Structure formats: structure tokens, C-alpha cells
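**Student:** take a look and give me a structure for this.
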Amino acid sequence: MLSRFLSVTARLPDRSLHAGAAPPPPHALVKRGIRRESLPRHVAVVMDGNGRWAQARGLPTAEGHEAGGRALERTVRLSRDWGIRALTVFAFSQENFGRPQVEVDYVMALIQRMIRKNLDEYVRTGVRVHVIGDPSRRPASLQGTVREAEEMTGNNSRLHLALATCYGGRWDIVQACRQLARQVEGGALKPDDIDESLLAGKLATSVVGELSCPDLVIRTSGEQRMSNFLMWQSAYSELYFTDALWPDFDEDEYLRALKSFQGRERRFGTRNV
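**Tutor:** Now for the predicted structure:
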């Protein structure tokens with residue numbers, strides 16, 4: 001029953017894949033007065049609250065993950081159809097390894113199963129899959145599935161879907177520094193050559209190129225913290241917090257987040273005269 005977790009079920013005709021065909025008219029955006037040209041290009045989401053959602057209903061945690069999977073399906077479909085270019089979701093953090101081993105093993109197997117199940121769909125609907133995070137902490141079988149998915153969807157460009165798995169923002173910065181340190185040690189780089197651009201190019205989200213930094217970060221479940229998610233990349237992101245638990249994050253909730261984003265003035269430290 002949990003097999004829908006991390007799946008993407010929206011269907012589009014073949015012509016929408018590589019030719020850059022325009023998505024369906026975004027009627028929901030028009031109704032809410034949301035300007036399509038001013039949408040965030042990259043949305044990141046801390047998907048929080050599956051367990052509490054299940055607990056509040058007297059259900060096992062597994063049922064909360066199932067409902068969370070449906071919320072992810074909705075969010076992927078809406079992001080793609082509305083013209084958002086990248087969606088990064090916090091699927092499994094490094095801190096989540098502190099959970100019971102049986103749950104950790106299950107989630108790892110679940111992610112692998114769902115990527116395999118939906119590969120054809122990802123290819124057909126123009127979704128490019130990236131799995132970011134510490135590969136050394138993933139099972140070897142999952143690593144093989146990740147390589148296959150990234151290769152098969154490598155030509156897609158309608159929506160970059162990044163599943164942050166075994167990921168931590170601090171880990172990301174450290175691993176980027178280590179890459180640069182090895183280049184310095186090998187003589188390919190001088191310490192004074194290192195700048196923000198070079199470091200950013202070594203971060204996990206650099207796989208999406210110019211879209212590596214989210215314009216909007218959404219956190220569900222009423223918590224108002226980043227929880228070690230995209231620490232460098234979110235330096236100038238707009239933050240949106242909602243009390244809705246992740247399984248309840250529906251189209252209306254997403255539209256409210258986008259409406260809030262469009263009502264903000266993004267100055268990036270400058271002053272608009």
C-alpha cells in the first residue's frame with residue numbers, strides 16, 4: 001500500500017517531452033491572480049508531518065507515509081504543469097538515521113522500489129531525476145537504481161526533481177570543501193582561487209545548473225526551522241511556513257505559498273530606489 005511513496009503518476013502526451021512544449025493553461029494560477037512569469041523557478045520542500053498525521057488519526061506511521069506519497073505526487077504534477085523548473089524535496093535526512101533500523105531499511109528499499117517503478121513515467125513526462133545526498137550511506141542496490149534513473153532521464157528538462165536522500169546541508173558544504181581541498185592538494189587550484197562560485201559548483205544541487213538555489217523554501221507541519229536543509233543554497237530563498245501537515249499539502253496550500261512568494265520584494269541586500 002505504501003508503494004505510491006515517491007511516485008509520480010501524472011500523465012502527459014509524448015509530445016511534451018523533449019520539444020519544450022508549453023504546459024496546459026494554468027487556470028488555477030489565473031484564478032488566484034498568480035503571475036506565471038513571476039513564479040519561483042526552483043521550489044524546495046521540507047516534507048514534514050507524516051507521522052503526526054497518522055498519529056492524529058489513530059493510524060500506523062506507514063499510513064502517514066502513504067498519504068505523504070500522495071502529497072508528493074500532487075506537488076510534482078502541479079509543479080510541472082505550472083511551469084516550475086525545479087523541485088527539491090527532503091526525502092530522508094542524515095538525522096533520520098537515528099530512527100529504528102527497521103524503518104531506515106524500509107525507507108531505503110521503498111525509495112529504490114519507487115524509482116524503478118516510475119522510471120518509464122519520468123521519461124515519458126519530461127521529469128529529470130536527481131538523487132542528492134551522501135551516496136556512501138545508501139545501500140549498493142539503491143545506488144545502482146539511482147544511476148539508472150539519472151541516466152534514463154538525463155535528456156529531460158521540463159522539471160528537475162531532486163530527491164534529497166541521506167542529505168544534510170552541513171554535509172553538503174563539507175563535501176564541497178573536501179573536493180576543493182583535493183584540487184589544491186593536487187596543484188590544480190590555489191587557495192586564493194576559491195570563491196563562492198567555485199564552492200557552489202561543488203554542492204550537491206549543482207546538478208541542476210543555474211537552478212541550484214531555490215527561490216522558495218516551503219516547510220510544512222508548523223515547524224519554523226530549516227533542519228539542516230540546503231543551508232548554503234537557501235541564503236536568499238524566500239521562506240514559507242504552513243501549519244498543514246505534509247499529507248494535507250494540497251493544491252490550495254501550494255497556491256497560497258506561491259501567492260505569498262509573489263507578494264514579496266526580493267532585494268538580495270540592495271535597496272530599490
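
**Student:** can you list the buried residues in the helix or strand of the chain with the lowest mean pLDDT?
**Tutor:** Taking mean pLDDT, DSSP states H and E as the measure, the chain has helix 101-125 as its least confident helix or strand, at a mean of 85. Using 16 or more other C-beta atoms under 10 Å as the test for burial, helix 101-125 gives 104, 107-108, 110-115, 118-119, 122-125. C-beta: built from backbone N, CA, C; applies to glycine.

**Student:** swap in stretch 179-194?
**Tutor:** In stretch 179-194, counting by 16+ other C-beta under 10 Å, buried: 180, 183, 189, 194.

**Student:** is it fair to say Arg128 lies in a strand?
**Tutor:** Yes - assessed by DSSP: H, G, I helix; E, B strand; the rest coil, Arg128 belongs to a strand.

**Student:** and the spatially closest residue to it that is not a sequence neighbour, how many neighbours?
**Tutor:** Distances taken as C-beta to C-beta, 6 or more residues apart in numbering place Asn156 nearest to Arg128, at 4.0 Å, with adjacent residues excluded. Per other C-beta atoms under 10 Å, the neighbour tally for Asn156 reads 19.

**Student:** how near is the closest residue to Arg219 other than its chain neighbours to Leu239?
**Tutor:** Spatial nearest neighbour of Arg219, chain neighbours left out: Val46 (4.2 Å); criterion: C-beta to C-beta, 6+ apart. Going from Val46 to Leu239 by C-beta to C-beta, to the nearest Å gives 10 Å.

**Student:** returning to that earlier point: now do the same for the residue nearest to Arg128: helix, strand or coil?
**Tutor:** Note that with three-state DSSP, the state of Asn156 is coil.

**Student:** buried stuff in stretch 248-259?
**Tutor:** 248-249, 253-255, 257-258.
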